[in-house]
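Novice: Pasting the sequence and the predicted model now:
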Amino acid sequence: MDFDLTEEQLLVQQTAREFAEKVLAPGVIERDDKMIYPTEQIKELGELGFMGMMVPEKWGGAGLDAVSYCLAIEEISKVEAATGVVMSINNSLVCQLMMDWATDDQKKRYLRKLASGEWLGAFSLSEPQAGSDASNLLTFAERKNDHYVINGTKNWVSNGIHSNIVIVFAMTEKGVGYKGVSTFIVEKRRKGISTGKKENKLGIRASDTCEIYFDNCEIPVENRLGREGDGFKIALKALDGGRIGIASQALGIAQAALEASVRYAKERKQFGKSISQFGAIREKIATMATEISAARLLTYHAAYRKDKKQPYSKESAMAKYFASKTAMSASTECVQIFGGYGYMQEYGVERLMRDAKITQIYEGTSEIQKLVIARSLLEE
Ligand code: CAA
């Protein structure tokens, strides 16, 4: 067992860290406050090869492994979790999904642009009545000769507004449950697709989330990914990888909380001494550091298994469940250590607490992660 990162992985980590500190840190509070999407920053991430990290160079990506991907998402999210999710969705739920399912023609038309950061992708599975029960879709794609006509409403689509293409899951057959779900690449410039307002969220406010409406949106048959009926498996396989990205995002938030807590605890004096000398504060910091290390090991382990082409569904669920729980507890304790200052926007730690919450919800709630873990132990 080797716990050391390779030279290449260390370089990715350092590059992401420097980028986050120099390019993302300035303006992060303002972007969160005013819900300003980090357009220029995402463009620069594309130039660094961070938007298609696991895609081979042949298809416009950086040809890196999943562990490198974790390192980069963690560093970016440590400074701005909203940028972390934009990056994670494009990498996992769009580029990796295409690597797994797209034909060479589809890769030529879309993957190169997405992996190089020229284009941005979104992943649209959820609907108002289909959250955790993800195959309960009403959006329907009706085949008419050489094209499909899509009608329906999607919600909570991250990257929905700024994306050029959307991976859309829709029913192609009624009454057969998840076996009726199919997957399509829909270009945003097509007629019949429109987006709702940018949602006003608790956290990751700089990222965009919206509803998407399909009103007789025609797309060619060549834009279907996989076969009719493969859609639900395509979604769940992509989410297995996506959950590693969200675990890494949660790690970044938790690590930021730990570093801020250590820094502040050493500076702040009460009762004539540094608060870092009080047992209550030490206990919080020790718990945070231990849980973060455990979450990091779970996350890298899931990524390692993905790289080795071993099954990793249970491991990514464990990583996401535990890392998101850790992000929530570490950020809450961080605000507690900062006391009244922590509750103020300008200290930058209340944002960590707000950002952490979504990591327990999207790409499968913590309850769904536990369902996946328990099933793998009890039903196989
Ligand atoms: N990979 C591939 N196939 C899988 C799979 C996986 N990880 N897990 C299950 N499957 C297959 C099963 O084998 C089964 O196929 P067969 O019958 O041929 O064997 C089929 O999929 C259906 O599986 P289940 O019966 O287990 O399906 P289910 O209805 O019980 O649902 C679930 C399982 C785990 C609850 C699933 O619905 C789930 O993960 N729900 C959460 C949805 C989710 O994560 N949504 C996130 C929205 S996207 C988002 O958040 C993006 C964003 O913008 C940030």
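Specialist: Everything's here; your move. Numbering: from 1, shown residues only.
Novice: What segments of this structure are strands?
Specialist: 121-124, 140-144, 147-158, 165-171, 181-187, 193-195, 209-220, 224-225, 269-270, 273-274 (DSSP state E).
Novice: Minimum distance to Asp240: which of those strands has it?
Specialist: Distance to Asp240, taken as C-beta to C-beta, is lowest for strand 121-124 among those, at 13.1 Å. No exception for glycine: its C-beta is placed from N, CA and C like everyone else's.
Novice: Give me the buried stretch members for that closest one, please.
Specialist: Within strand 121-124, the residues that qualify as buried are 121-124, counting by 16 or more other C-beta atoms under 10 Å.
Novice: Ok, stretch 103-114 next?
Specialist: By 16+ other C-beta under 10 Å, the buried positions in stretch 103-114 come out as 106-107, 109-114.
Novice: Return the member of these nearest to the ligand.
Specialist: Nearest to the ligand, judged by C-beta to the nearest ligand atom, of the buried residues of stretch 103-114 is Leu114 at 15.6 Å.
Novice: Looks like the closest one contacts Ile165 (just checking).
Specialist: Yes: proximity of Leu114 to Ile165 meets the contact threshold set by C-beta atoms under 8 Å, at 7.2 Å.
Novice: Show me what from the stretch 1-150 of the chain comes close to the ligand.
Specialist: Proximity of the stretch 1-150 of the chain to the ligand (C-beta under 6 Å from any ligand atom) is limited to residues 89, 123, 125-126, 132, 134-135.
Novice: from the residues you listed, which would you call buried?
Specialist: 89, 123, 125-126, 134-135.
Novice: can you put the buried residues of strand 121-124 in TSV and add pLDDT and distance to Glu333?
Specialist: Shown next, in TSV, are the buried residues of strand 121-124 (pLDDT from 0 to 100; distance: C-beta to C-beta, whole Å):
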residue	pLDDT	distance to Glu333
Gly121	98	36
Ala122	98	34
Phe123	98	32
Ser124	98	35
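Novice: now those residues in CSV, with distance to Asn223?
Specialist: Shown next, in CSV, are the buried residues of strand 121-124 (distance: C-beta to C-beta, whole Å):
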residue, distance to Asn223
Gly121, 13
Ala122, 15
Phe123, 15
Ser124, 14
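Novice: Looking at the protein, which residue reaches furthest from the middle?
Specialist: Residue farthest from the centre of the chain, counting by C-alpha atoms, centre = their mean, is Gly272 at 43.9 Å.
Novice: residue contacts, the closest residue in space to Gly46 that isn't next to it in sequence?
Specialist: Nearest in space to Gly46, with sequence neighbours left out and distances taken as C-beta to C-beta, 6 or more residues apart in numbering, is Gly117 at 1.5 Å. Gly117 makes contacts with 42-43, 45-47, 50-52, 90, as judged by C-beta atoms under 8 Å, 6 or more residues apart in numbering.
Novice: Contacts for stretch 281-289 next, please.
Specialist: Defining contact as C-beta under 8 Å, 6+ apart, one finds that stretch 281-289 is touched by 254, 257-258, 261-262, 265, 275-276, 326, 329-330, 333-334, 336-337.
Novice: Buried ones in it, by neighbour count?
Specialist: With burial defined by 16+ other C-beta under 10 Å, the residues of stretch 281-289 counted as buried are 281, 284-285, 288-289.
Novice: just those residues now: which is nearest Glu8?
Specialist: Ala289 (26.8 Å).
Novice: quick one: contacts of stretch 328-342?
Specialist: 253-254, 257-258, 260-261, 264-265, 275, 281, 284-285, 287-288, 291-292, 343, 347, 349-350, 352-353, 355-357, 359-360.
Novice: Does the ligand have contacts with the longest helix that the chain contains?
Specialist: If you go by DSSP state H, the chain has its longest helix at helix 231-267. Yes: Helix 231-267 comes into contact with the ligand (C-beta under 6 Å from any ligand atom), by way of 232-233, 236-237, 239-240.
Novice: which pair in these spans the largest distance?
Specialist: Largest pairwise distance in the residues of helix 231-267 next to the ligand, by C-beta to C-beta, is 12.9 Å, between Phe232 and Asp240.
Novice: Comparing those two, which residue is more hemmed in?
Specialist: Using other C-beta atoms under 10 Å, the more surrounded residue of Phe232 and Asp240 is Asp240, with 23 against 20.
Novice: pLDDT at that one, what is it?
Specialist: Note for Asp240: predicted pLDDT of 98.
Novice: Excluding residues flanking it in the chain, which one is nearest Glu47?
Specialist: Closest to Glu47 by C-beta to C-beta, 6+ apart is Gly117, at 6.5 Å.
Novice: pLDDT value on the one you found, please?
Specialist: With respect to pLDDT, Gly117 has a value of 95.
Novice: Many thanks, we can stop here.
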